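[1] Predicted coordinates and the sequence they were generated for:
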Amino acid sequence: MAPLMFKDAFWGADFTCHTGYEALIQRLQDGRQMGKDVEELLKMRALAEEKYGKELVIIARKAGGHTEISTLRASFEQLKTQIENIGNFHIHLSNILKEEVKKIETFRERQKEQRKKFQSIMEKVQKKKVTWYKKTMESKKNYELRCREADEAEQGAEKATVTSKNADKVRHRAKQYRQTANEAEKLYSNNVEQLESIRQDWEETHRSTCEVFQQLEGDRISMLRYSLWDQCNHFSMQCVKDDEFHEEVRKLLEQCDITTDNNCFIEMKGTGSRPPEPIVFENYYKRDISRDSNGQVHFEERGGDTMRFSEGLLASSGTISVDSLENASPTVTSIGEVESSDDGYAPLPGLQRAAPLDTEQADGDIYVALYEYAAREGDELSVSTGDMVRVLEQGNYLRKI
């Protein structure tokens with residue numbers, strides 16, 4: 001596209017019309033306002049970038065994650081680090097925008113000074129041209145008036161030579177009018193020449209001013225264009241940097257492993273590889289009965305006395321009960337033979353199996369009383385139904401109850 005020139009497009013048909021120059025001035029003022037608008041935009045963006053960056057830094061520094069371990073904690077720490085880096089980058093971008101605002105403001109003020117300089121020159125030339133134009137137009141009117149007066153006086157003098165006696169007086173007056181008209185003509189001619197000189201000066205000044213204004217306008221457009229271009233590059237670089245920072249986090253997240261973190265936790269905080277032993281029921285009435293790890297029952301002597309089982313224990317043991325003992329034959333039975341006796345004693349089935357063979361078998365048989373018996377003599381033993389008796393020594397006979 002062929003470039004158009006300001007100096008060829010902003011003239012006026014009227015000699016005193018300056019609409020072309022006024023259009024140029026308005027354009028430069030609009031361009032100055034555009035510069036202010038760009039400055040305001042960059043200022044607001046700089047404030048937003050600064051605020052956003054500071055908020056990111058605060059978020060990164062306040063974020064927890066200290067309770068996590070191993071690879072997931074490393075990934076989270078990397079994320080916090082990169083968020084802080086992104087925040088610092090946005091703060092740096094804010095500073096770049098502020099510097100750009102200062103550059104635009106400096107450029108705008110420099111253009112303002114140049115515009116004011118040529119604007120002042122143009123205003124002086126235009127004022128001078130208008131003044132001389134008015135003066136010339138007044139001299140023209142005066143010249144035309146004097147010419148009409150001289151013509152009228154000369155016509156009156158021609159008539160006076162025939163009819164009037166004072167023809168000399170009339171001719172003298174006509175001569176004066178003509179002389180005045182000639183002076184007005186000379187003044188008008190001089191004013192026209194002076195006005196033409198001023199017009200030429202104004203025209204040259206207008207052309208040079210148009211060229212300067214066009215150059216200023218070109219510089220302004222170019223400056224703002226490159227400024228906006230640079231800011232777009234900065235914004236794009238910000239996106240690239242953000243992606244690079246996030247890529248660092250993604251690289252570390254790729255190394256995050258569930259097994260590794262769980263193994264690390266076990267190695268750091270492990271408390272044992274075996275569960276605790278189960279809690280077993282302890283009967284109040286069998287204090288001396290102990291259980292081994294597999295739940296077997298062991299019976300121990302208590303100074304020759306008889307240990308007594310509660311009915312609940314006998315019922316829940318699944319081995320012997322009071323009812324079963326009462327319905328049993330009233331005979332004394334050894335553990336190995338499962339017999340009954342008239343003495344009212346019966347062996348406790350299963351006790352021989354429950355007790356260790358090396359100790360219980362040697363100590364004697366265990367019997368359970370099927371009936372209640374009250375001792376009648378000093379060498380006898382009182383028993384109640386369900387009492388358990390261990391026979392440590394056996395004579396030749398058993399006393400019948």
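    Received it, and whenever you're ready, just let me know what you need.
[2] helix or strand right after the helix or strand Lys80 falls within?
    Assigned by DSSP states H and E, Lys80 falls within helix 70-163. Counting by DSSP H and E, the element after helix 70-163 in chain order, helix or strand, is helix 167-254.
[3] quick one: pLDDT of Arg171?
    The per-residue pLDDT reported for Arg171 equals 80.
[4] List the contacts of Gln126.
    His18, Tyr21, Trp202 (CB atoms under 8 Å, 6 or more residues apart in numbering). Quick note: C-beta positions are derived from backbone N, CA and C, even for glycine.
[5] Relative to Phe10, how far out is the first one?
    As for His18, its distance to Phe10 is 9 Å (criterion: CB to CB, to the nearest Å).
[6] picking up where we left off before, by how many degrees do the helix holding Lys80 and helix 167-254 diverge?
    Here helix 70-163 runs at an angle of 170 degrees relative to helix 167-254 (axes from the mean of the first three to the mean of the last three CA atoms, to 10 degrees).
[7] measure the residue nearest to Gln255 when sequence neighbours are not counted to Glu393 for me?
    Nearest non-adjacent residue to Gln255, counting by CB to CB, 6 or more residues apart in numbering: Thr71, 5.8 Å away. Taking CB to CB as the measure, Thr71 falls 74 Å from Glu393.
[8] which of those two has more neighbours?
    Between Thr71 and Glu393, Thr71 has the larger neighbour count (other CB atoms under 10 Å), namely 19 against 5.
[9] what pLDDT does that one get?
    Looking at Thr71, the pLDDT reads 91.
[10] ok, it - contacts?
    Thr71 sits next to Leu252, Gln255, Cys256, Asp257, Thr260, Asp261, Cys264 when contact means CB under 8 Å, 6+ apart.
[11] Now which of the residues you listed would you call buried?
    Among the contacts of Thr71, the ones that count as buried by 16 or more other CB atoms under 10 Å are Leu252, Asp261, Cys264.
[12] In TSV: those residues, plus pLDDT and distance to His234.
    Below are the buried ones among the contacts of Thr71 laid out as TSV (pLDDT from 0 to 100; distance: CB to CB, whole Å):
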residue	pLDDT	distance to His234
Leu252	91	28
Asp261	92	40
Cys264	92	42
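[13] which regions of the stretch 101-250 of the chain sit below the pLDDT cut-off?
    Applying pLDDT under 70 to the stretch 101-250 of the chain flags residues 160-165.
[14] Try it again at 90.
    By pLDDT under 90, the low-scoring segments of the stretch 101-250 of the chain are 149-175, 177-178, 238.
[15] Report the central residue of the protein.
    In the chain, the residue lying closest to the centroid (CA atoms, centre = their mean) is Leu56, at 6.1 Å.
[16] Helix or strand for that residue, just tell me which one.
    Assigned by DSSP H and E, Leu56 belongs to helix 19-62.
[17] coming back round to it: mind picking the one among the contacts of Thr71 that's closest to Leu224?
    Leu224 lies nearest to Leu252 out of the contacts of Thr71, by CB to CB, at 42.7 Å.
[18] how close does the closest one sit to Lys54?
    In terms of CB to CB, Leu252 sits 25 Å off from Lys54.
[19] Show me the chain divided up by domain.
    Annotated domains of the chain cover 6-264, 290-390 [automatic domain parsing].
[20] Correct me if wrong: Ala74 contacts Leu252.
    Yes. Proximity of Ala74 to Leu252 meets the contact threshold set by CB atoms under 8 Å, at 6.0 Å.
[21] returning to what we had before: nearest to Ile279, out of the domains of the chain?
    domain 290-390 (11.1 Å).
[22] Just the mean pLDDT for the closest one, thanks.
    Mean per-residue pLDDT for domain 290-390: 53.
[23] show me what contacts the residue nearest to Met223 when sequence neighbours are not counted?
    Excluding the flanking residues, the one nearest Met223 by CB to CB, 6+ apart is Phe107, at 5.5 Å. For Phe107, the contact set (CB under 8 Å, 6+ apart) comprises Gly35, Asp219, Arg220, Met223.
[24] Out of these, the closest to Asp387 would be?
    Distances from Asp387 to these, taken by CB to CB, are shortest for Gly35, at 114.4 Å.
[25] residues in contact with the residue nearest to the closest one when sequence neighbours are not counted?
    Once flanking residues are discounted, Gly35 sits nearest to Arg108: 4.3 Å by CB to CB, 6+ apart. By CB under 8 Å, 6+ apart, the residues touching Arg108 are Arg32, Gly35, Lys36, Glu39.
[26] which one among those gets closest to Gln194?
    For these, the nearest to Gln194 is Arg32 (36.4 Å; CB to CB).
[27] Okay, the closest one and Ser197: tell me how far apart.
    Remark: distance between Arg32 and Ser197 (CB to CB) = 34 Å.
[28] Please apply the same query to Tyr284.
    For Tyr284, the distance to Ser197 - CB to CB - is 137 Å.
[29] Counting neighbours, go ahead and name the busier of these two.
    With neighbours defined as other CB under 10 Å, Tyr284 and Ser197 compare such that Ser197 has more, 11 against 7.
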